[in-house]
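*Asks:* Sequence first, predicted coordinates after that:
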Amino acid sequence: MLAFFIFLAVTPATGKPGDGLRTWGRFNRLPYPGDKAFLYDTFPKGFIWAVGTAAYPVEGAFAKDGKGLSIWDTFTRGGTRKTCGDVGSDSYHNVDADIRAIQQLGVSHYRFSLSWPRMFPNGTRGSYNELGTNYYRTLIKRLKKINVQPVVTLYHWDLPEHLQQTLGGWANPQLVDIFKDYADFCFQTFGDDVKFWVTIDNPFVVAQHGYGTGVVAPGIKNDPDLRFRVGHNLLKAHAAAWHIYDRHYRPRQQGKVSMALASHWIKPSRTRLESLQECQCSLDHVLGWFARPLFTDGDYPTCMKARLGSRLPSFTQEEKEWVKGTADFFALSHGATLSFQLINDSVKFDQHEDLDLRMLLYWIYAEYDKPPIFVVQSGWYVLGNTKTKDPKQMFYLKSFIAETLKSIIIDRVNVIGYTAWSLIDGYEWYREYGIRRGLYYVSFNTPDMKREPKTSAIFYKNVIQKNGFPELPENRPVQGVFPCDFAWGVSANSVQVETTPTQFADPHVYLWNVSNNGELIKLDGLIAPPLNRATHCADYASIRQQVDEIKQVGVSHFHFSLNWSAVVPTGDVANPNTTLLGYYRCFTRQLLQANVTPVVTLLHYTPKHSSLPAPLANTTNKWLSSEIPEAFANYARLCYRELGDYVKMWITLNEPNDKEVSYQEGHQMLLAHARAWHVYDLEFRHSQGGQVSLVLHMNWVEPAFSFSREDVEPAKRVLHFTISWFAEPIFGSGDYPLEMRSWLRQLNSLELPVFNEKDKKLVKGTYDFFAISHFSTDLVTHAKEDSYTYTARLEVQYMVDTTWIMSPRPVVPWGLRKALNWVKEHYGDVPVYVMANGVQEDPSRFKDSLRVYYLYNYINEALKAYILDGVNLKGYFVYALNDQRDPKFGLYGQVHEEVIVKASLPNYRNLIRHNGFPVQGAAPQQCPAAPQACWGCHVLVKGPMVGFLTLVGSGVLITLGLIIYYTSKRHKELY
C-alpha cells in the first residue's frame, strides 16, 4: 500500500434528501496528496466487468429484414449533418466478430440495447417483426455460450419514427402504456436469459436535448417547457415497465430492473455555502431530476420545484407512491456522452464542471441511502482519425476504473460493476464519425468492417484479468539505509549576496537600558570613530543566516551556483570582482566550519537569462562564439584558484541540455566543459584533491504503452536527444550517439556538429561522477493526437497519465529509479549524484504535504536503485533551500521578513538522521564519526613552517596562562 495513504472512516449516510451536500466538504478534508495517490488494490470478488454498445451506432442494417425507421434514421437525414448511421459498425451482420471481441476482453457481462423499431416497426406489438427479434435471440444465445451475461437496454434513444410522427413521441402520455407493452414483450421473450435490465438510457439527454435544445433526435426545440413534460412521461414509462416485471416476471426470472441515469460532476467556484448549494442544485437538475423520484420519495428535487415552479409537472400522491422505489440498483452512466458536451451553462449555475467519478459515486451513496451502483457506461473518446493507438482513451479508462476502486475500498460505496464504453467504434450520435469510443477499432471503409483491438482494449483486458491493480513488489516501499558516506544535500540556484558587510557598519553610539526594558537608545550627535580593520567573514550577517538555515536542514552538502557575469563583469579574468570572490570565499569557509561541504556550479544555464559576461553576452550568437570555451576555462581557473581550498566538488555547467539549446550551442558547451575539467585536472587536482563534472537535466521518459515497441522506440529516442546528447560524448564514446545522428540523417538534417579527433579526445572522459537533476516523468507515444504537445522533429506525442498527481508537473516517484537505472545501464558503475529533486507547491502552504509525500517517495525510489538495482548512488540533494531564491520549491517559506520552516524540512531532516528507511527493530547503522571541520588545516598543508610556529606559539600562550592562574591562586591562599 502507498506510503502516507490514510484511510478515513466514512460517515454513515442517512439517505435524507440533501445529504449529498456534505460530499465536497468530506473530500476537501481527505489527506493530500495521499488520497490522490494511485491505489494498488483489487476489486471485490464477483465484481461485474462489462463492456457495452447501443443499437443505432453499431447495428446498421437500418432497413433490412423488416426493420422500421427510428427517429435517428430521420434526424440524421436532415439539417447540416453529413453522415448517418445506416451502416454503423454493421453489427447486424457481424455477430461472430463482436462475440470474438467480447470473449477476448474477458468481460463477464455485455450491455447492449434492443432496437425498438427492429422488432416493432411502427412501435406497437401489432407490427411485430420475427426476423428482427431473432437477431437478439441469436446474440443472447451466443453470449450465453461464452459465459457472458447480457445486460439489456430496452430504449437507447431510437424511438420508432411512426410513434414520433403520429403521437409526438415522448411528449405524449400515451407512450407510457405503449412502452409498457413493449417492455412486457421483451421481458417475456428474453427474460429467462437476462438478469439485468435497463429500461431507458439517459432520460436527461432524451428530454433536455431531444425535446429541448434539439441537439439530438427528434430535434425538437420550439417549446422551452416540453422537456419537463417529456421527462415526466419517461419516469412514468419506466415505472410502468418496472411494475410489469416486478409483478409478472421477477418471481420466476429473478432479474433486476433500473433506469440508466447520466450525470456530470460539479465543483464550487468558491468555498462559500452558497456555491455548494448551487452545486447541489446543479446535480439535482440533471441527475436528481430522475433519481430522486426513483430512489427517495417519488417527487422532484426541492431545488427544481423552487426554480421551475409551474413549468415542472407534478405527481399526484398516488403517482409518487407508484414511481418511488422502482429501481433495483442505481445504473450510472458517466463520461463523454454528457460531461463537457451536453451539459450547458443553464444547469451549471456558475459553478465548475469536473470529471470526478469518485465524488459522484459518493454523492449518490450519500444522497440516495447507499444504493448498489452499477456503472453501466463509462469511458472517453478519441478523434475520428485515430486508429488502434488510443492513449487518451486508455488513460481516461484507467482513471475512471481507479476512481471506482477508491470509491469501493476507501469510501465504502457499494459499486457492483463497471462497464467500459464502448466495445467497438460506431456512429457517435450527433458527433457522427468525428470521434471514436470503441475499445476495438472498426475500419469503416472495408466491406467486412474488420475489428482490431486498440491499446485500450489490451489495457482493459489486463485489468479484468487481475481484477484491478494488485500491488506489485516494485510498488512497495523498501526498507534499508544508504552508505555511511552518502551525501545528503540541498540545492539552490544561487545564494543571497551582500558585498557590503552589515555587521559593525552602524557608526552611531547607543545606550543600553539594562535596568528597564533592555532597549538600545541611540545617542544623537555621537558618532563612533571608524574601525580601521580589514573585513572579516563574520561581518556578513547574510552568510551567518544562510549557513544557519542550511545547518538546520541537517545536510552534509550544499549546492549553489556562481554568476559568471558578476564574478568577471568585464569578461577579463585579470580584473575580477574581488569583493564578490571574497564573499564567496567567506561563504564556503563558513559552510565548512558548519560541517557542510560546498558544491559549487560555475554556470547554471538558463535560456531566458544569460549569465555570460557582458562582452560575450553582447555577441550575436553568444554561445556560438569560438571564444566561449577558452573564456569559460579561464573563468573556471580563476574560481578554482580563489575558492578551491574550500570547494572539493565542482559543477562546470548545470543543466546545459535544455530543450532551448541548439545543437551548435550544445557543442560549444561540451567543449567549454571539457576545457574547464582539464584545467582542474592538470593544474589543481593534485593540490586540492577535488572532483569536477556537470549536471544534466534528466526527467524520465516512459512509453505510454510499455507493451508496444512502437512506443518504446520513441521513448528511447527522446532520451537520446535529451540525455545521451551530452552524456555520450563525455561518459561514452566521445561522440554524439549514433541513434541521434541516424535519426537526423533520415530528416536530411545536418544541424548536429561533428567532433574532430582532437575534440573527441578533449571531451571524452571529462567527468568524476554523473550528476542529474530530476523532477518528473513524461509519457510519450508515436501516435499524434494533440498538435500542442506533439514534437514533429522527433515524431513523439507527449501526454500525461490522468491518474498521476499533478503540481503542475506529474509526481511520479518511480521515474527517478528508472532514470538512475538508465545511467547504470549505459555507463556502468559510474558514481551518481541526484543533484536536484523537488516539487512545486503553493508557497503559502507551510504545511507542504505534497513536498513531504514527494521527498519520502522519491528518496525511497532512490534507495531501491541503490539496494535492489546496484546503482552506485553517492548522494541526493533536495531542491530547494528556500522560496526567496527558488520560488515554490523551498524547504523554507517567507512572510515579509520572517523565515518559516515548512513541514517538509523536519521530515527531510529525519530521513537524513536515519540515513534512509532503516528496518524497524534492526540494530542502528554503525558509521564512523564524521570528522570535524578544520578550515585552517589547509594552512598546515600549504605552509608547514607557518603551521609549526603557530602550534608552538599556541603552546607558549597556554603555558603562560596556566602559570599566571596558579600563581594568583597561591597568592590568595597565603592571605
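*Replies:* Done, it's in. Residues are numbered from 1 along each chain as shown.

*Asks:* How many residues are close by Leu744?
*Replies:* Leu744 has 17 neighbours, counted by other CB atoms under 10 Å. For glycine as for every other residue, the C-beta is placed from the backbone atoms N, C-alpha and C.

*Asks:* Check the gap between the spatially closest residue to Cys586 that is not a sequence neighbour and Asp548 for me.
*Replies:* Residue nearest to Cys586 in three dimensions, not counting chain neighbours: Cys537, with 3.6 Å by CB to CB, 6 or more residues apart in numbering. Cys537 sits 14 Å away from Asp548, going by CB to CB, to the nearest Å.

*Asks:* Tell me which of these two has more neighbours.
*Replies:* Comparing Cys537 with Asp548 by other CB under 10 Å, the one with more neighbours is Cys537, at 19 against 12.

*Asks:* Check what pLDDT the more buried one gets.
*Replies:* Here the pLDDT value assigned to Cys537 is 84.

*Asks:* Just confirm it contacts Arg589, I think it does.
*Replies:* Yes: with contact defined as CB atoms under 8 Å, Cys537 and Arg589 form a contacting pair (6.0 Å).

*Asks:* Okay, domains of the protein per the record?
*Replies:* 19-467, 487-697+765-776+824-917, 698-764+777-810 (the TED database).

*Asks:* Just name the most buried of the ones you listed.
*Replies:* Greatest average neighbour count among those goes to domain 19-467 (a mean of 20), per mean count of other CB atoms under 10 Å.

*Asks:* So what's the gap between that one and the chain middle?
*Replies:* Relative to its chain's centre, domain 19-467 lies at 29 Å (CA atoms, centre = their mean, to the nearest Å).

*Asks:* Show the end-to-end separation of that domain, please.
*Replies:* 32 Å (CA to CA, to the nearest Å).

*Asks:* got it, and stretch 454-474?
*Replies:* 27 Å.

*Asks:* Go ahead and list the helix or strand containing Arg885.
*Replies:* Under the assignment given by DSSP states H and E, Arg885 is not contained in any helix or strand.

*Asks:* got a list of what it touches?
*Replies:* Listed by CB atoms under 8 Å, 6 or more residues apart in numbering, the contact set of Arg885 reads Ala492, Asn493, Ser494, Val495, Gln496.

*Asks:* between the domains of the chain, which one is nearest to Gln479?
*Replies:* For Gln479, the closest of these is domain 487-697+765-776+824-917, at 5.1 Å, according to CB to CB.

*Asks:* And that closest one, end to end?
*Replies:* 15 Å.

*Asks:* One more: stretch 867-879?
*Replies:* From its first residue to its last, stretch 867-879 covers 23 Å (CA to CA).

*Asks:* surely Asp73 meets His162?
*Replies:* No: judged on CB under 8 Å, Asp73 makes no contact with His162 at a distance of 11.4 Å.

*Asks:* where in the stretch 1-150 of the chain is pLDDT low?
*Replies:* Along the stretch 1-150 of the chain, segments meeting pLDDT under 70 span 1-15.

*Asks:* now the strands for it?
*Replies:* Taking DSSP state E, counting those that start in this stretch as the criterion, the stretch 1-150 of the chain contains strands spanning 41-42, 48-52, 109-113, 149-155.

*Asks:* Save those strands as a markdown table, and put in distance to Lys764 too.
*Replies:* As requested, the strands of the stretch 1-150 of the chain are exported to a markdown table (distance: least, CB to CB, whole Å):
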| stretch | distance to Lys764 |
| --- | --- |
| strand 41-42 | 49 |
| strand 48-52 | 55 |
| strand 109-113 | 61 |
| strand 149-155 | 65 |
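
*Asks:* Show me the one of the ones you listed that comes nearest Gly126.
*Replies:* Short answer: strand 149-155, nearest of these by CB to CB, at 18.3 Å.

*Asks:* secondary structure element for Arg250?
*Replies:* Here Arg250 is covered by helix 250-253, with elements defined by DSSP H and E.

*Asks:* For the stretch 1-150 of the chain, just list every one of the helices.
*Replies:* Ranges of helices within the stretch 1-150 of the chain are 23-29, 55-59, 71-75, 95-105, 116-119, 130-145, based on DSSP state H, counting those that start in this stretch.

*Asks:* re the thing from before, packing partners for the helix or strand following the helix holding Arg250?
*Replies:* Next in sequence after helix 250-253, counting helices and strands by DSSP H and E, comes strand 256-262. Contacts defined by 3 or more CB pairs under 8 Å, 6 or more residues apart in numbering; DSSP states H and E place strand 256-262 against strand 196-201, helix 203-205, helix 226-244, helix 289-292, strand 330-335, strand 373-379.

*Asks:* Gly255 is nearest to which of those?
*Replies:* Of all the helices and strands packed on strand 256-262, strand 196-201 comes closest under CB to CB, at 6.0 Å.

*Asks:* what's the angle from that closest one to strand 373-379?
*Replies:* For strand 196-201 against strand 373-379, the angle by axes from the mean of the first three to the mean of the last three CA atoms, to 10 degrees is 60 degrees.

*Asks:* and the angle for strand 196-201 with strand 48-52?
*Replies:* For strand 196-201 against strand 48-52, the angle by the same axes, to 10 degrees is 40 degrees.

*Asks:* Can you list the strands that strand 196-201 pairs with?
*Replies:* Under the criterion DSSP bridges, strand 196-201 sits next to strand 149-155 (parallel), strand 256-262 (parallel) in its sheet.

*Asks:* ok, residues contacting that strand?
*Replies:* Strand 196-201 is contacted from outside by 54, 109, 111, 113, 149-157, 183, 187, 206, 234, 237-238, 241-242, 245, 255-260, 331, 333, 374, 376-377, using CB under 8 Å, 6+ apart.

*Asks:* swap in stretch 228-244?
*Replies:* Residues outside stretch 228-244 that contact it (CB under 8 Å, 6+ apart) are 154, 169-173, 175-177, 179-180, 183-184, 187, 199-200, 203-204, 206-208, 210-211, 257, 259, 289-290, 293-294, 308, 311-313, 319, 322-323, 326-327.

*Asks:* do that again at 6 Å, thanks
*Replies:* With contact meaning CB atoms under 6 Å, 6 or more residues apart in numbering, stretch 228-244 is reached by 170-171, 173, 176, 179-180, 183-184, 199-200, 203, 207, 211, 257, 259, 293, 311-313, 322-323, 326.
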